[in-house]
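In: sequence first, then the predicted structure, then my questions.
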Amino acid sequence: MTEEHIYIDTVYIHSYLLGRGNEEAHAAEQVKKALRMANRSKNICVIFPFVVIGELMNSIWRESISAADKKTAIGEFIDVLAKKRVDLKPPEAKSMKVAVDIKSEDSRLDDTDLLITAQALCDIHSTNLLTNDPNLIISEKIYEYEQSIKGRINRLKISEDIA
């Protein structure tokens, strides 16, 4: 069985840690599902790109919640990172180039979201990118670019749901 990497966008991990509404509940449930899948299978790994970590820390500190709640949320995230089959991943030069190439053809895409997506595209084992960004989900340029990448094992599913 081949390795599968599930990438998680900032909004999803933020919702998992601090979500309060219906949309956040769905995102949080998808993160829980991904973590359960990774826990059950040695072939599945949840990936948090470094960009997500920076965005997450920034968004937690900007939340209008107490300092204690912020510290608790960050502690919970550290606990998630300590789990087996969860990893942090820095962007590589190749993924940065992919982000620039796609951005030059589709300017609607946010820079950091595109870098996260490019990381997933350049990872031949990636299977999912959990995000609720409609521009990423429907981008034909991302799909076209994925088709040009040699060596990908699976098609990358960019969506709001894990499966």
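Out: Noted; the coordinates are in hand.
In: stretch 9-27: end-to-end distance?
Out: Stretch 9-27 has an end-to-end distance of 10 Å (CA to CA, to the nearest Å).
In: what's the answer for stretch 156-163, then?
Out: Start-to-end span of stretch 156-163 (CA to CA) is 12 Å.
In: got the buried residues for it?
Out: Using 16 or more other CB atoms under 10 Å as the test for burial, stretch 156-163 gives 156-158, 160, 162. The C-beta positions use only the backbone N, C-alpha and C, and glycine is treated the same way.
In: pull the residues that contact that stretch.
Out: For stretch 156-163, contacts defined as CB atoms under 8 Å, 6 or more residues apart in numbering pick out 6, 26-27, 30, 33-34, 37, 117, 120-121, 126-132, 136-137, 139, 142, 146.
In: just flag the most distant two among the buried residues of stretch 156-163.
Out: Pairwise distances across these (CB to CB) peak at 14.3 Å, for the pair 156 and 160.
In: what about the buried residues of stretch 156-163, which are in strands?
Out: Mapping those onto strands (DSSP state E) picks out 157-158.
In: next, count neighbours for the closest residue to residue 105 other than its chain neighbours.
Out: In space, and not counting its chain neighbours, residue 105 is closest to residue 141: 4.9 Å by CB to CB, 6 or more residues apart in numbering. Other residues near residue 141 come to 16 when the count uses other CB atoms under 10 Å.
In: list phi and psi for residue 141.
Out: Dihedral angles of residue 141 (phi, psi; degrees, to the nearest 10) stand at phi -60, psi -40.
In: which ones are touching it?
Out: Counting by CB under 8 Å, 6+ apart, residue 141 has contacts 102, 105-106, 109.
In: do that again at 6 Å, thanks
Out: Residues in contact with residue 141 (CB atoms under 6 Å, 6 or more residues apart in numbering) are 102, 105-106.
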